[in-house]
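Q: Any chance you can model this:
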Amino acid sequence: MSFNSTFGGDREMREFAFLAGEFAFVADMLRSIVWRIEKFSRLSFPKRGEESHPRTGLQVHRDEIPRG
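A: Next up, the predicted model:
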């Protein structure tokens with residue numbers, strides 16, 4: 001029994017390959033968007049009275065940062 005007769009032939013394989021390619025394309029676009037957001041957030045400067053949290057990197061007020 002061949003692979004094509006088991007799963008219905010070449011049409012299903014072409015559709016599967018197309019869908020796999022579409023998922024890879026969408027995943028690559030999402031990865032690019034996340035990279036741009038991370039890059040932009042690194043370039044933004046903290047406002048007066050704020051600085052980056054040492055573990056999360058989020059902008060917080062200085063009195064909210066745990067010391068010690």
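
Q: could you give me the average pLDDT of the longest helix along the chain?
A: Selection of the longest helix in the chain by residue count, based on DSSP state H, yields helix 10-43. Rounded to a whole number, the mean pLDDT of helix 10-43 is 88.

Q: Packing partners of that helix?
A: helix 3-7 (3 or more Cβ pairs under 8 Å, 6 or more residues apart in numbering; DSSP states H and E). C-beta coordinates here come from the backbone N, C-alpha and C atoms, glycine included.

Q: What residues sit buried inside the longest helix of the chain?
A: Neighbour counts over helix 10-43 (16 or more other Cβ atoms under 10 Å) mark no residue as buried.
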